[in-house]
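A.B. asks: Structure for the following, please:
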Amino acid sequence: MTAPSVPPTAATLPTSPEPSASHRPCLTELRLSAFAGHRGAGFPLGPLTVFAGPSGCGKTSALRAYEALARLGGGARLGDVFPDPVSCVPERARPDAQRRRGFRIGCTADGPEGPVRLDVAVQVEPELRIAGERLTADGLTLLETALRDPGRRAVQAAWHTAGSAPVTRAPLPDDRLGTALLPLRVAGKTDGQRRVLAAAEQMVVALRSVFACDPRPDWMRVPVPTGSGRLLGGCDNLADVLWRTRSECVRRHQQLVAAVRAGCAGPVADVLAEPLADGTVRAVLDRGGGHRTEFGRLGDGELRYAALTLVLLTGPGVLEVDAAGEVPPAMQTLTVLADGLDRSLDPRQRVELLRLAARMCERGHIRLVAAVSDGSWAVRVPGATVVHLDP
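C.D. replies: I've put the predicted structure just below:
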């Protein structure tokens, strides 16, 4: 189901990663044991991963599962993460003797503690709750939970202690990810407890800082009021973000202008936001010679290309993401999820965008997981891991 990665070349990618890149926790595998249309599936995740396949093959559901794990890792409640949980249950899944049905997802996070696996079983019917969770490393179970008593709103948890008692047992909520709660529950007095904490923290840091991005061209054409300057997932407030970022980092803005110039028709001397009389701002392309083109006149492909370029060239301080504030930035990696990455893009734009993504991802501070309908062009971009899905 997967295509081998094409190794990066020195001509297109930086020659050396940032010093801390190899120590940043990141997801290296997504597992969909039973989720929507997937059964027994495991997908490798590189710095730049592209899921490719026709409509109905499961690209969107794979990104959906990734985002769900990220939100659970950030402490979100199960009902908020899965507002329509029945759609996550495999279509032909049969209920057991207690009329229970659900789904199973998981992932592997690599980092200073080595590979750490997380697997979660979610019961959807008759009630939405976490039925079981397991955190493992080197074949050792560090945390295991199970729904022992359906009448209680809790799961029975046991985590590795390696002290006078091999494990510690305690109830945990059945609507939260236990791994995300461990730093608040484990004392860290024994070597075993410290190992549990290190593994849990690695997993949570790897899952956090996810930005799901799907630029909406119609929204981007409308002037917007100035606000937080943090880019939303639909990129409808792109003008507000440009109003902020153009003066914050001249070098990064020059990179944005160069990237937009490569993907937009006509000359591009600058990308900026200009204020209007009603207090709003609108994004424009400076064509040079006193000529400007407002974003409202650009095509859908140009708008999506410009927005995705800005996303790849910024970071958690600009994007509306749930960053782990207690973790130093040098230990964090921003993951961008882009469903329909190639939507409305012409062949030149999609290649330029993926090349930019490869350069940025090679540095280690950002990763991209995207979905495209046809991956034949993506396999030719150095640095991309292309996962081909069949319907």
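A.B. asks: Low-confidence stretches in this protein?
C.D. replies: Residues of the chain that meet the criterion pLDDT under 70 lie in 1-22, 323-331.
A.B. asks: Where do the helices of it begin and end?
C.D. replies: Taking DSSP state H, the helices of the chain run over residues 59-73, 78-81, 178-185, 191-207, 217-220, 238-245, 250-263, 300-312, 347-362.
A.B. asks: Including mean neighbour count and distance to residue 42, could those go into JSON lines?
C.D. replies: All C-beta atoms are positioned from the backbone trio N, CA, C, and that covers glycine. Formatted as JSON lines, the helices of the chain follow (neighbours: other Cβ atoms under 10 Å; distance: least, Cβ to Cβ, whole Å):
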{"stretch": "helix 59-73", "mean neighbour count": "23", "distance to residue 42": "11"}
{"stretch": "helix 78-81", "mean neighbour count": "16", "distance to residue 42": "21"}
{"stretch": "helix 178-185", "mean neighbour count": "19", "distance to residue 42": "19"}
{"stretch": "helix 191-207", "mean neighbour count": "23", "distance to residue 42": "17"}
{"stretch": "helix 217-220", "mean neighbour count": "18", "distance to residue 42": "35"}
{"stretch": "helix 238-245", "mean neighbour count": "23", "distance to residue 42": "36"}
{"stretch": "helix 250-263", "mean neighbour count": "16", "distance to residue 42": "34"}
{"stretch": "helix 300-312", "mean neighbour count": "25", "distance to residue 42": "27"}
{"stretch": "helix 347-362", "mean neighbour count": "21", "distance to residue 42": "21"}
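A.B. asks: can you put those helices in TSV and add distance to residue 39?
C.D. replies: What follows is those, written out as TSV (distance: least, Cβ to Cβ, whole Å):
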stretch	distance to residue 39
helix 59-73	12
helix 78-81	21
helix 178-185	24
helix 191-207	23
helix 217-220	36
helix 238-245	39
helix 250-263	38
helix 300-312	32
helix 347-362	30
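A.B. asks: and residue 391, which of those helices is closest to it?
C.D. replies: helix 59-73 (10.2 Å; Cβ to Cβ).
A.B. asks: what's the angle between that closest one and helix 191-207?
C.D. replies: With axes from the mean of the first three to the mean of the last three Cα atoms, to 10 degrees as the basis, helix 59-73 and helix 191-207 are set at 130 degrees to each other.
A.B. asks: Please export the C-alpha coordinates of helix 59-73 as CSV.
C.D. replies: What follows is helix 59-73, C-alpha atoms only, in CSV (Å, rounded to 0.1, in the frame of the first residue of the first chain):
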residue,chain,number,x,y,z
LYS,A,59,-7.4,9.6,2.7
THR,A,60,-9.7,12.0,4.6
SER,A,61,-10.4,9.4,7.3
ALA,A,62,-6.7,8.9,7.8
LEU,A,63,-6.1,12.6,8.4
ARG,A,64,-9.3,12.7,10.5
ALA,A,65,-7.9,10.0,12.8
TYR,A,66,-4.5,11.8,13.1
GLU,A,67,-6.3,15.0,14.1
ALA,A,68,-8.5,13.1,16.6
LEU,A,69,-5.4,11.6,18.3
ALA,A,70,-3.8,15.0,18.4
ARG,A,71,-6.8,16.6,20.1
LEU,A,72,-7.1,13.7,22.6
GLY,A,73,-3.4,14.1,23.3
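A.B. asks: what number of residues lie near the nearest residue to residue 385 once chain neighbours are set aside?
C.D. replies: In this structure, residue 385 finds its nearest non-sequential neighbour in residue 46, 3.7 Å apart by Cβ to Cβ, 6 or more residues apart in numbering. Applying other Cβ atoms under 10 Å, we find 18 residues neighbouring residue 46.
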